[in-house]
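>>> build me a structure from this.
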Amino acid sequence: MPAQTIWMIRFSLIYLLISVLIGSLLITHKAINIHPMIWSLLPIHFEFAIWGWLVQFVMGTAYWMFPKKLEGERRGPILPAWIMVCLFNFGLISLVIVSLVLDFSVAIVGRSLIAVSIVIFGGLIWQRVVTYRNN
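Okay, the predicted model is just below:
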C-alpha cells in the first residue's frame, strides 16, 4: 500500500472521529441545552464528515486500488501524490479555521485548495485508466 494512501486513510479516520464527537455534542445539545453557539459547529461537522472522512477515504483507497501502470512509475509521479494529500488536508483545515473565525462564505481559499487536490487526483488516476487487451 503506498504511503499516500496510508496517510489519507489515517487522516480520514481522524476526521471521522472529530465529526462523530461534534455530532455527539450536537445531539446532546438537543436533549440538554448546552449553549446556543453549539449550532455553529453543524457546518464543520458536515465538512469533516463528507470531505474529511468520506471523500478522502475514497480518494486514498482509489489511489491504491486503481490498476498500476505497465511502464515507469507504477502509480505515476510521487510528488504530485504528496501534493494532493497535503493540499487536501491543508485546505480542509483552513476551511474550518476560517469558518470558525469568520464565515463559510469567505472560505474560498480552503475550497480552492481542496479543488486543486481533486484535480491532481484526477490527473493521477486518469493516467492509470487503461485497457490491457490488445485490440
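
>>> low pLDDT regions in the chain?
Applying pLDDT under 70 to the chain flags residues 70, 103-106, 131-135.

>>> dead centre of it: give me the residue that sits there.
Residue closest to the mean C-alpha point of the chain, counted by CA atoms, centre = their mean, is Gln56 at 3.4 Å.

>>> contact partners for that residue?
Met8, Ile9, Phe11, Ser12, Tyr15, Phe88, Asn89 (CB atoms under 8 Å, 6 or more residues apart in numbering). Just so you know, the C-beta spots here come from the backbone N, C-alpha and C atoms, and that holds for glycine as well.

>>> element containing the third one, please.
Assessed by DSSP states H and E, Phe11 sits inside helix 3-31.

>>> tell me what that helix is packed against?
helix 42-47, helix 56-65, helix 78-101 (3 or more CB pairs under 8 Å, 6 or more residues apart in numbering; DSSP states H and E).

>>> hang on, the earlier thing: buried among the contacts of Gln56? Need that as a selection in ChimeraX.
Restricted to buried positions by 16 or more other CB atoms under 10 Å, the ChimeraX selection for the contacts of Gln56 reads:
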select :8,9,11,12,15,88,89
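
>>> closest one to Ala31 among the helices and strands packed on helix 3-31?
Closest of the helices and strands packed on helix 3-31 to Ala31 is helix 42-47, at 16.0 Å (criterion: CB to CB).

>>> same for the closest one, what does it pack against?
helix 3-31, helix 78-101.

>>> most tightly surrounded among these?
Of the helices and strands packed on helix 42-47, the one with the most neighbours on average (mean count of other CB atoms under 10 Å) is helix 78-101, at a mean of 18.

>>> and the next element down the chain from that helix?
helix 108-126.

>>> what sits up against that next one?
Contacts for helix 108-126 (CB under 8 Å, 6+ apart): 51, 59, 62-63, 66, 75-77, 80-81, 83-85, 87-88, 90-96, 98.

>>> and if we set it to 6 Å?
Met59, Phe66, Gly76, Pro80, Met84, Leu87, Phe88, Phe90, Gly91, Ser94, Leu95 (CB atoms under 6 Å, 6 or more residues apart in numbering).

>>> tell me the SS of Lys69?
coil (DSSP: H, G, I helix; E, B strand; the rest coil).
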